[in-house]
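Novice: Sequence first, predicted coordinates after that:
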Amino acid sequence: MTRPTPAAHPILLGCIADDFTGATDLANNLVRAGLRVVQTIGVPEGPLGAEVDAVVVALKSRTIAPAEAVAQSLAALHWLQAQGARQIYFKYCSTFDSTPAGNIGPVTEALMDALHCDFTIATPAFPDNKRTVFKGYLFAGEVLLNESGMQNHPLTPMTDANLVRVLQAQCRRKVGLIDHVAVAQGAEAIRARIAQLRSEGVGIAIVDAVSNDDLLRLGPALADLPLVTAGSGVAIGLPANFGIAPSSTASALPAPTGHRAVVSGSCSLATNRQVAAFIASGRPALAVDPLQLAAGIDVVGQALAWAEPLLDGGPVLVYSTADPSAVKAVQGRLGVEEAGAMVERAIAAIARGLVARGVRQLVVAGGETSGACVQALGIAQLQIGAQIDPGVPWCHAASEAAGGAGLHIALKSGNFGSDDFFTKAFELL
């Protein structure tokens, strides 16, 4: 294996995200906490050449085969180590969605092995987005994860909210818990609990957190860990370990130009509501039918022909969002993987076509969809801007599809954002 070229400016925090929306979610929290952040699309071939405090390497590894997810994550780790990263952060979704085979457990353990790390934590807690962990159970809003709609996720259905059980099924190391009692007492109590767990042979500990105060208490206790694994919430407590305070200067982006559009491939409850709100506002929207795609109909061409004369009038929406019963019906006809991949390819091709037609402000909904779109748009790295809603910032990037010109893009996790997100986003840019 070729060794990555060392960076001229060593970074403080090196992050590996298992999807593209999750990467921007993490980068957003780091920027808000004062770090200068660049997000890369995949593992770069060489040093960035820019002086930044943190780099988030965005992978599309959440739902691929575990062995491939491990290989990609280790490649990202080796590049980040070459850039001088003092600490590594493996970021996954705040819904912890995975299967008994992975990929959260296998990637975590592979990173631990590579870093010679005998202990790390795991918590998807993100209170700003109503994801909290209590007694090891993950809540989405007021309900347990498995009652939130995530039990119907088309690729990674979550039927158990007990994160110790979920993670233990994926790991050979013993999984334990740092509960709310220890967290509430602060960093020293958390360190003491970590020492106790280590003495009991525990290698990974789920951590309770029901508020940002909990995450801020957790941060100092993690300063000496080579590896942290979490959703994006833990990020708010880490910059202070490097002597960095919040600053608004890191989020400035160039002025927006061009047409506006939204593409959505997510089937989450939140995105369903956002699509419905956009349509209810009277703005133009077009649904993509997976069965028409499967029949060989030129859905992409039809969507672009529909959108082109409407772009001057404001944002348009092209979506494949559907309720769980409709999704299952399509999967029954086409197969789970093929149905998802086919829609991703179509939405990505539509996004590229829209940008080629002058769209320079683009919202993308759905983690897998965002990964496909960013790759189709020929984006190599993103500058992180201001937050639209918790976990979702505007970003700016040079896009091959735009002839190398700048593009403002927001990559929204399916579960994130208020009901009016698709219209509010453009008002805030």
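Specialist: Ah, there it is.
Novice: Next, name the residue at the spatial heart of the chain.
Specialist: residue 22 (0.8 Å; C-alpha atoms, centre = their mean).
Novice: And the host helix or strand of that one, what does it pack against?
Specialist: Using DSSP states H and E, residue 22 falls within helix 20-32. Other elements packing on helix 20-32 under the criterion 3 or more C-beta pairs under 8 Å, 6 or more residues apart in numbering; DSSP states H and E are strand 13-17, strand 37-41, strand 54-58, strand 87-91, helix 367-376, strand 381-389, strand 392-398, strand 406-412. Heads up, the C-betas are built off the backbone N, CA and C, glycines and all.
Novice: contacting residues around residue 397?
Specialist: 377, 379-383, 406-407, 409 (C-beta atoms under 8 Å, 6 or more residues apart in numbering).
Novice: Could you do residue 240 as well?
Specialist: Applying C-beta under 8 Å, 6+ apart, the residues near residue 240 are 33, 219-220.
Novice: One more: residue 354?
Specialist: 259, 261, 263, 304, 307, 311, 318, 362.
Novice: Show the backbone phi and psi for the last one.
Specialist: Spelled out, it's residue 362. Main-chain torsions, residue 362, degrees, to the nearest 10: phi -130, psi 130.
Novice: Residue 370 versus the residue nearest to it when sequence neighbours are not counted, what's the distance?
Specialist: Computed as C-beta to C-beta, 6 or more residues apart in numbering, the closest residue to residue 362 that is not its neighbour in sequence is residue 409, at 4.9 Å. According to C-beta to C-beta, to the nearest Å, residue 409 stands 9 Å off from residue 370.
Novice: Residue 173 now?
Specialist: Noted for residue 173: a distance of 31 Å to residue 370, by C-beta to C-beta.
Novice: So between the two, which is more surrounded?
Specialist: residue 370 (33 against 18; other C-beta atoms under 10 Å).
Novice: My read is that that one contacts residue 376, right?
Specialist: No: look at residue 370 against residue 376 with C-beta atoms under 8 Å: they stay out of range, at 10.7 Å.
Novice: low-scoring stretches of the stretch 251-400 of the chain, by residue?
Specialist: Low-confidence segments of the stretch 251-400 of the chain, defined by pLDDT under 70: 321-327, 329-330, 334, 336-337.
Novice: Please enumerate the helices of it.
Specialist: Secondary structure of the stretch 251-400 of the chain (DSSP state H, counting those that start in this stretch): helices located at 269-280, 290-294, 299-307, 324-334, 336-356, 367-376.
Novice: Now render those helices as CSV, adding distance to residue 129.
Specialist: Putting these into CSV (distance: least, C-beta to C-beta, whole Å) gives the following:
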stretch, distance to residue 129
helix 269-280, 10
helix 290-294, 28
helix 299-307, 30
helix 324-334, 21
helix 336-356, 23
helix 367-376, 14
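Novice: could you pull out the strands for the stretch 51-200 of the chain?
Specialist: For the stretch 51-200 of the chain, applying DSSP state E, counting those that start in this stretch gives strands covering 54-58, 87-91, 120-123, 131-134, 137-140, 143-144, 174-178.
Novice: Which one of those strands lies nearest to residue 212?
Specialist: strand 131-134 (10.6 Å; C-beta to C-beta).
Novice: returning to that earlier point: separate out the buried members of the contacts of residue 397.
Specialist: 377, 379, 381-383, 406-407, 409 (16 or more other C-beta atoms under 10 Å).
Novice: Those: which two are farthest apart?
Specialist: The widest separation within these (C-beta to C-beta) is 14.8 Å, between 377 and 383.
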